[in-house]
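Enquirer: give the three-dimensional model of this entry:
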Amino acid sequence: PDSMVKANDLEFCFFINHEETGCSCALYRSLEEKLIVISFRGTCNLKDLVTDASIIQEAWVEGEDVKDPEIAKVHSGFRTSLASVSRRLKELILAAPAPGDNLSEYDILVTGHSLGGALATLFTMDIAEYGIDAGRSLPQLAPSDAWWNSIIETIRGQAASSNVKEQKPPRPKSLRLYSFGSPRVGNAAFAEKFDSMIGNDLDEAYRVVNGDDIVARLPRSVNALAFGSVGYEHCGKTALLTFNGTAIDETNVDAADPSLWVEGESSDDACLVRDGEALTSPLASGSVLGDLMEAIDKQN
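Expert: Below you'll find the model as predicted:
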């Protein structure tokens, strides 16, 4: 929508940072355009690197049997990181609309780069499937606390308390995700569930990547004794940026217009970042751990 690029009054509202996990995000809003923007920070410190390097998965819905091959599973480090801020973030989203406004009147745009893109993807999936449920951090089998607890003691909350308790968690007018250089976040079941939301409770989801960005190809699927079979798939439409077959970087970005390949919209059905063949070892070249080991070896 035009409102997502023409918000002249876009203002910074708050920044959340969790000291232990390093998870950070910011919220911006435009009251004129009724727009809320949530931006997750990418990798920039050692705590983030450790989170990135893990390939272990856990159930997307806490309490489900992680050994069940049919359930949606996600990167354990990504989920743990997001869980540390998600509930507080949703409480603040509920408070973001102007007095007298309803969240259902607002568009929400979620974005992030690298690790931030992974966190943005998981957060978008949560609110697309369940709404702004501030009664818990991320999906769980156990009953949530009341989603309205955080707003019921405000002036507006007291006025609305007579009927808010009967309502389901609120949803925005529209929900869109634009991630940049995001790694894979979950298995095939998660990707299938995510993609099924697009066009329904999730209006758009694009994963913008540089064709030469290794992060966009990670984590890879692995079959190894230590981990068993761990599969990862991308979710959302891929938008691939290249320049004459060469990835864009600071040396050529101004040379000419880049080419853009968009999954499901461009005529070329080949995408460089959808290369999910399993590796035999988590330390193989191209895996997260393997690339870390190679970088360490080059420094020694």
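
Enquirer: please settle this for me: is residue 79 part of a helix?
Expert: Yes. Residue 79: assigned to a helix according to DSSP: H, G, I helix; E, B strand; the rest coil.

Enquirer: how close does it get to residue 98?
Expert: Using Cβ to Cβ, to the nearest Å, we find residue 79 at a distance of 33 Å from residue 98. Backbone N, C-alpha and C define where each C-beta goes, glycine included.

Enquirer: who has more neighbours, those two?
Expert: Remark: of residue 79 and residue 98, residue 79 carries more neighbours, 26 against 12, as counted by other Cβ atoms under 10 Å.

Enquirer: hmm, that one is touching residue 139, no?
Expert: No. Counting by Cβ atoms under 8 Å, residue 139 is not a contact partner of residue 79; they are 9.8 Å apart.

Enquirer: mind listing the shared neighbours of these two?
Expert: Residues touching both residue 79 and residue 139 by Cβ atoms under 8 Å, 6 or more residues apart in numbering: residue 60.

Enquirer: neighbours of the nearest residue to residue 205 once chain neighbours are set aside, how many?
Expert: Counting by Cβ to Cβ, 6 or more residues apart in numbering, residue 205 lies nearest to residue 236, which is 3.5 Å off, once chain neighbours are set aside. By other Cβ under 10 Å, 26 other residues sit near residue 236.

Enquirer: before we move on, what about residue 171?
Expert: Residue 171: 16 surrounding residues under other Cβ under 10 Å.

Enquirer: a helix runs through it, doesn't it?
Expert: No. Counting by three-state DSSP, residue 171 is not part of a helix but coil.

Enquirer: which ones are touching the residue lying closest to residue 171 once chain neighbours are set aside?
Expert: What sits nearest to residue 171 in space, not counting adjacent residues and going by Cβ to Cβ, 6+ apart, is residue 131, at 4.7 Å. Applying Cβ under 8 Å, 6+ apart to residue 131 gives the contacts 147, 168-171.

Enquirer: tell me the pLDDT at residue 131?
Expert: pLDDT recorded at residue 131 is 96.

Enquirer: and for residue 152?
Expert: 63.

Enquirer: so where's the stretch 1-150 of the chain uncertain?
Expert: The model of the stretch 1-150 of the chain has pLDDT under 70 over residues 1-7, 43-54.

Enquirer: now do the stretch 201-300 of the chain
Expert: Looking at the stretch 201-300 of the chain by pLDDT under 70, you get 210-229, 242-261, 263-300.

Enquirer: if we go to 80?
Expert: Across the stretch 201-300 of the chain, residues meeting the criterion (pLDDT under 80) sit at 210-230, 239-300.
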